[in-house]
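**Student:** Quick one: sequence and predicted model below, then my questions.
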Protein chains: 6
Amino acid sequence: MPVVIVKMLEGRTTDQKRQLAREITDVITRVTGAPEDQVDVVIEDHPRENWAKAGVLYADK
Amino acid sequence: MPVVIVKMLEGRTTDQKRQLAREITDVITRVTGAPEDQVDVVIEDHPRENWAKAGVLYADK
Amino acid sequence: MPVVIVKMLEGRTTDQKRQLAREITDVITRVTGAPEDQVDVVIEDHPRENWAKAGVLYADK
Amino acid sequence: MPVVIVKMLEGRTTDQKRQLAREITDVITRVTGAPEDQVDVVIEDHPRENWAKAGVLYADK
Amino acid sequence: MPVVIVKMLEGRTTDQKRQLAREITDVITRVTGAPEDQVDVVIEDHPRENWAKAGVLYADK
Amino acid sequence: MPVVIVKMLEGRTTDQKRQLAREITDVITRVTGAPEDQVDVVIEDHPRENWAKAGVLYADK
């Protein structure tokens, strides 16, 4: 039942995503006691022209 | 005003999306009484390498 | 694996939520073929002072 | 059709929310040309014990 | 700390996104007093076949 | 810049939230190289009557 949504800039490798999913799931199950097969982790890749920090797109930094 | 976000793995056809949007909207209006033209349904397709269940990416299953 | 997030104004009864969850899950499984026990439906209640349409809070309408 | 979700710490006044909704809607319509009555702004208040920056809950800062 | 998510149909230019990010950030900092470098704006582009209003996909309108 | 949203049933203690935030932030920085002070973790508590699995509200299980 826990659903974890990770929003970040695009460009991570499949291996980084694999590791994020594995380790975040482990944290969730260890801390909350939720059964592992109930944990969804969704990674959302966002283009640099679609994310701004301090009012400036990452594409412009 | 109700906004429904459907997060799922990519790969559904346009026709499946059309049907999801139509039928979910019907459920919302019938159950809540919200006017149909106030209902937004947004379908979010996620690649198999971006979604994990039980700590394992769907791309690896 | 499909996760459905329903964002709406607060004030629905438990029975309306029960019906929304039941019927939206049925639509998802019928249209996409996803197994029922993989479908999460999360209903998010928002106060009228936290939602605006056309620039005006529902609390002010 | 644009839906804007503003996630922030709880504690803003109704008047601040009113102003956020009004001005964000104006930005959206002016920049994108979307009709005003198609713009939803949803403000999500999060308790300080539910939001962390740099690994530390705001409740602990 | 405020995170603003703008969900809209794809098709906006980089310049429109730049302007949205700049002006929404200015509204947030002016109204809430949040420091500019704490404001994230994420623009999510959705294909017309993934968004429905009144039960009809924009791709079908 | 990574923003992590953890959606789960309400009822976790502040200490569990503190631990989730700390450890998820550590995973993100270690795997992606993002600077710690750029990581937001937002925990969203959902009432049992607002979350359904397999079409049944947790409040009814």
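**Tutor:** That came in fine, so what should we check first?
**Student:** which ones are touching the residue in chain A that chain D sits nearest to?
**Tutor:** Residue nearest to chain D within chain A: A:K7 (10.8 Å; C-beta to the nearest C-beta). All C-beta spots, glycine's among them, are computed from the backbone N, C-alpha and C. By C-beta atoms under 8 Å, 6 or more residues apart in numbering or on different chains, A:K7 lies in contact with A:44, A:46, E:42, F:2-5.
**Student:** and it, that one's in a strand?
**Tutor:** Yes: assigned with DSSP: H, G, I helix; E, B strand; the rest coil, A:K7 falls within a strand.
**Student:** tell me which element A:E44 is part of?
**Tutor:** Using DSSP states H and E, A:E44 falls within strand A:40-46.
**Student:** Stretch A:40-48 and chain E in contact?
**Tutor:** Yes: applying C-beta under 8 Å from any C-beta of the partner chain, one finds stretch A:40-48 in contact with chain E at A:H46.
**Student:** Leaving out chain neighbours, which residue sits closest to A:T25?
**Tutor:** Counting by C-beta to C-beta, 6 or more residues apart in numbering or on different chains, A:T25 lies nearest to B:G55, which is 3.6 Å off, once chain neighbours are set aside.
**Student:** mind checking how far the one you found is from B:P47?
**Tutor:** As judged by C-beta to C-beta, to the nearest Å, B:G55 and B:P47 stand 17 Å apart.
**Student:** Pairing partners for the strand holding A:E44, with directions?
**Tutor:** Neighbouring strands of strand A:40-46 in its sheet, by DSSP bridges, are strand A:3-9 (parallel), strand B:51-53 (antiparallel).
**Student:** Out of these, flag the one nearest E:A59.
**Tutor:** strand B:51-53 (23.8 Å; C-beta to C-beta).
**Student:** residues touching A:E23, list them.
**Tutor:** The contact partners of A:E23, taken as C-beta under 8 Å, 6+ apart, are F:27, F:31.
**Student:** That one should be in a helix, yeah?
**Tutor:** Yes: checked against three-state DSSP, A:E23 lies within a helix.
**Student:** For it, give its distance to F:M8.
**Tutor:** Distance of A:E23 to F:M8, computed by C-beta to C-beta: 17 Å.
**Student:** next one: A:T25
**Tutor:** Distance from A:T25 to F:M8, counting by C-beta to C-beta: 13 Å.
**Student:** what's the answer for A:G11, then?
**Tutor:** For A:G11 relative to F:M8 (C-beta to C-beta), the value is 28 Å.
**Student:** okay, those two: which has more neighbours?
**Tutor:** Higher neighbour count among A:G11 and F:M8: F:M8, with 24 against 11, using other C-beta atoms under 10 Å in any protein chain shown.
**Student:** these two touch, right, the more buried one and A:G33?
**Tutor:** No: with contact defined as C-beta atoms under 8 Å, F:M8 and A:G33 do not form a contacting pair (11.1 Å).
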